[in-house]
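Q: One predicted model, sequence on top.
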Amino acid sequence: MYSKIAINNVKMSFRDYAIYFLTLTLAVCIFYSFNSIESQNAILELNKNATFMLTLNKLIAGTSIFVSFVLGGLIIYANKFLIKKRKKELGIYMTLGMSKGKISIILLFETFLIGTVSLVAGILLGIIGSQGLSILVANILSVDMDKYKFVISSSAVIKSILYFGIIFLLVMIFNQFTISKYKLIDMLNAAKKNEEVKLKNAFVSVLLFMLSMVLLTIAYTRILKTGLNADNTELLVTITIGFIGTLLFFFSLSNFFVHIVQKSKRIYLKDINIFIIRQINNKINTNFLSMTLICLMLFVTITLLFAAFDLKGTIDRNSAGNRDYDASAFLIVDNKNENTMVNDIEEYLNAINFKFSTNEKHAFYSEYKLNITIEDLLSKYLSMQEQIHLEQNYLGGKISAITISDYNSIIKLNGYDPIELKKNEVLVVSNYSRVNSALPDYMKNENIINIENKAYTIKNQAPIEENIKVTGGNEFFYLVIPDNFSGDLQLEFTSFNVIYDDNNYENSEEKFSNLFNNLFEDKYRDINPALVIGSTKNQIQDKDNGFAALIVFLGLFLGLIFIISSAAIMALQQLSDASDSLERYKSLKKIGVTEKLINKAILRQSLIYFLLPLGLAVIHSIVGISAVNNIFTFHYQSIIVSSSLLLIIYGAYFYATYAGVKNIINNSN
């Protein structure tokens, strides 16, 4: 009997359950899709990269646990609103003689039914959605899609059932606890209770609103000045100021908003704007804390999505100058250790019996350190933020240099003509944006570099953006000096670059990959205790793509969950408030307000309620993204894709909320 009542309740209340069911289904779909990624062909192609697979599995597992807590809290929160909406219905059950225990059994069946249907629907959608995610992963990791296969991950299915099964079990326990606390009189009169207005004094609300603006301005100024380069304490202070400013903004906004609109009688007295404004005032004032959290979640979501979609392009753009050679290696020179047998990489390769083939063009060269730092060179041309950034990197470190003959031997591999350099000239080779932004002013005003009290003219008018080796680092800065340079040079590395012949590319790639893997595993420790490091272009690319994939997974996974959570909470609050406000809308109908005007009022309320946290979150995001523009260079493609994703999901919830509220109001007797 109880199961039949539960089924009938779900059928009759399907429109009320629609957003709840949609949220559960999307949550399961996303959860399955990201947990199935390790079974996708794009990832299976990378199984040989054990480090990447281990990191990926740990990331997915850790993020899934965090997401399960977020979704668990969301589902319990949503369930609380649904029970609140049904207080009167449950009170009628008790009036008819049904005990709280039997009501709990009915709710248990309802929760089980909704959970089962949403779990099945979510997994089916996830199986389809995960194939699209596989294509995205293949694009990021540059994996051949010819080997694509339709895959169903049994482990992801089991994990989804297990995690969401635990969540629904907690919801059932929560329902039992909630019902046991309700009194019959509270249930029957639930619809007659008004929201408790937290702030009534107009002067205080205006004062707090102005204070929130001051705090947000301070937070914005601090983060724009230091970016993410501030120490942990400063960053925590900035975040705290921003949080308090956001909280006070929503706490004071409703009364401040009413106070401002009342000044314009033309707007305030038009149609039923008085009713709309009072409704919005009550909603914001009552739900200011949840709106603050939603705003912050949307801020994190926007930033995560922008970063996730732009990271791959950023890595490709930043590494464009690092891929002129197929492989590179360098030996760290150690003149202080008497046990070092070899301090030259060419001698080292001979010692381990490694030979270059005739179709492998290569060049050996040496890298030095000069007695000059970037700080010595450019400090007065760098902005404060650039100096803070460089101080945490290598502002005080000595500048690297190579001789012109070595540089010419390197560029000759790519078919470039040699460059002539006079004894008082140097070349600047750099793609380091923080340095390059200051170099034009330096070269315009001085055009020389003083090294050990000797002036050297900068031969090139703009930095050459060409790295001298294959490297995982995305930014570099060094000088090319004359062969007869008379200053103090400290030998740091001896290195080589190689370019494969296209006809023997695969064999050469395997040969050098094996060499560098053996170096990494220290298999030649008996020959030389000095450290030798090497990478092929493909190894660096795989590493960069793997890192990009990890960030994209994290950004998309958390971003989608946060969007759904934020929009679902907004929707459920609106639907709950609509049920509580039925008597007010009935009063409007009685005094002759048309259904068209009521629908317009519902649309305006829903739109304002959804746009307020989103609007402030967008402003937070613009400031936050500007503060990290040294890490990411956001382009219109990433902005369009991430904005579209946000607007589609958030807009869908807005429309579903508007339709649901309109249905509740128009169908009420």
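A: In hand now; what should we look at?

Q: Helix or strand: which one has Gly122?
A: Per DSSP states H and E: Gly122 is located in helix 100-141.

Q: Give the other helices and strands that whichever helix or strand comes after that helix contacts.
A: Moving toward the C-terminus from helix 100-141, the next helix or strand (DSSP H and E) is helix 154-181. With contacts taken as 3 or more C-beta pairs under 8 Å, 6 or more residues apart in numbering; DSSP states H and E, helix 154-181 sits against helix 14-35, helix 50-85, helix 100-141. C-beta coordinates here come from the backbone N, C-alpha and C atoms, glycine included.

Q: and the angle for the biggest helix by length in the chain with helix 100-141?
A: Taking DSSP state H as the criterion, the chain has its longest helix at helix 537-580. Using axes from the mean of the first three to the mean of the last three C-alpha atoms, to 10 degrees, the inter-axis angle of helix 537-580 relative to helix 100-141 is 150 degrees.

Q: Count the neighbours of Ile218 for me.
A: 15 (other C-beta atoms under 10 Å).

Q: where does it land in three-state SS?
A: Under DSSP: H, G, I helix; E, B strand; the rest coil, the three-state class of Ile218 is helix.

Q: and the longest helix of the chain, how far from the chain's centre?
A: Remark: helix 537-580 is offset 8 Å from the chain centroid, using C-alpha atoms, centre = their mean, to the nearest Å.

Q: what is the mean pLDDT for it?
A: Here helix 537-580 scores 79 as its mean pLDDT.

Q: Can you name every helix or strand that that helix contacts?
A: Using 3+ C-beta pairs under 8 Å, 6+ apart as the contact test, the elements touching helix 537-580 are helix 14-35, helix 50-85, helix 100-141, helix 273-286, helix 288-318, helix 505-520, helix 595-627, helix 636-666.

Q: Now do the buried residues in stretch 277-286.
A: For stretch 277-286, a neighbour-count test (16 or more other C-beta atoms under 10 Å) marks Ile277, Gln279, Ile280, Asn281, Asn282, Lys283, Ile284, Asn285, Thr286 as buried.

Q: quick one on the thing from earlier: how about the helices and strands packed on helix 537-580, which one is nearest Val552?
A: Distance to Val552, taken as C-beta to C-beta, is lowest for helix 288-318 among the helices and strands packed on helix 537-580, at 4.7 Å.

Q: so after that closest one, what's the next helix or strand?
A: Following helix 288-318 in sequence order, the next helix or strand is strand 327-332 (DSSP H and E).

Q: hey, C-alpha coordinates of whatever helix or strand comes next after that following strand in CSV?
A: Counting by DSSP H and E, the next helix or strand C-terminal to strand 327-332 is helix 345-351. The C-alpha trace of helix 345-351 is given here as CSV (Å, rounded to 0.1, in the frame of the first residue of the first chain):
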residue,chain,number,x,y,z
ILE,A,345,78.3,15.3,-22.4
GLU,A,346,80.1,14.2,-25.6
GLU,A,347,82.6,12.3,-23.5
TYR,A,348,79.8,10.9,-21.5
LEU,A,349,78.0,9.5,-24.5
ASN,A,350,81.2,7.9,-25.7
ALA,A,351,81.6,6.4,-22.2
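
Q: Helix 345-351 - what's its average pLDDT?
A: On average, helix 345-351 scores 86.

Q: May I see the buried residues of it?
A: Across helix 345-351, burial judged by 16+ other C-beta under 10 Å covers Ile345, Tyr348, Leu349.

Q: how about CSV for those residues, with distance to Val552 added?
A: Below are the buried residues of helix 345-351 laid out as CSV (distance: C-beta to C-beta, whole Å):
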residue, distance to Val552
Ile345, 36
Tyr348, 39
Leu349, 38
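
Q: Tell me the one of those residues nearest His362?
A: Nearest to His362 among the buried residues of helix 345-351, counting by C-beta to C-beta, is Leu349 at 10.0 Å.

Q: Name the SS class of the closest residue to Lys361 other than its chain neighbours, please.
A: Sequence neighbours aside, Ile499 is the residue nearest to Lys361 in space, at 4.7 Å (criterion: C-beta to C-beta, 6 or more residues apart in numbering). Judged by three-state DSSP, the three-state class of Ile499 is strand.

Q: What's the end-to-end length of stretch 418-426?
A: Terminal residues of stretch 418-426 are spaced 14 Å apart (C-alpha to C-alpha, to the nearest Å).
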